[in-house]
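**Q** One predicted model, sequence on top.
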Amino acid sequence: MNLEHIALGLGIVGLGCFAWPILQRINGKAGPDEPGSGKSLRSPLWWAGFVLTAAAIFLQRIAAQQAAGL
């Protein structure tokens, strides 16, 4: 397992954190947020998705630089 695989895994998990609340609303298991409440941006799941996706992008850039020999 190399750095690219780790970055891919983190990216998938991060995007899953973003998509989970959307899928719950589509399936009717969660109600919509009040307009203008900003609840989704304060959600720990949203922040986890953000951090994991940012880490995946960072690791992918490192892996690309290593592959190019820089």
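**A** Perfect, thanks for sending it.
**Q** SS state for E34?
**A** Following DSSP: H, G, I helix; E, B strand; the rest coil, we place E34 in the coil state.
**Q** now the helices for the chain?
**A** Secondary structure of the chain (DSSP state H): helices at 3-26, 39-42, 44-68.
**Q** quick one: which of the ones you listed is nearest P32?
**A** helix 3-26 (6.3 Å; CB to CB). All C-beta atoms are positioned from the backbone trio N, CA, C, and that covers glycine.
**Q** Show me which residues of that closest one are buried.
**A** Within helix 3-26, the residues scored as buried using 16 or more other CB atoms under 10 Å are A7, L10, G11, G14, C17, F18, P21.
**Q** Low-confidence regions, the chain specifically.
**A** 38-42, 70 (pLDDT under 70).
**Q** ok, back up a step: quick check, nearest of the buried residues of helix 3-26 to P35?
**A** P21 (15.9 Å).
**Q** how about the closest one, what does it touch?
**A** A30, S40, S43, L45, W46 (CB atoms under 8 Å, 6 or more residues apart in numbering).
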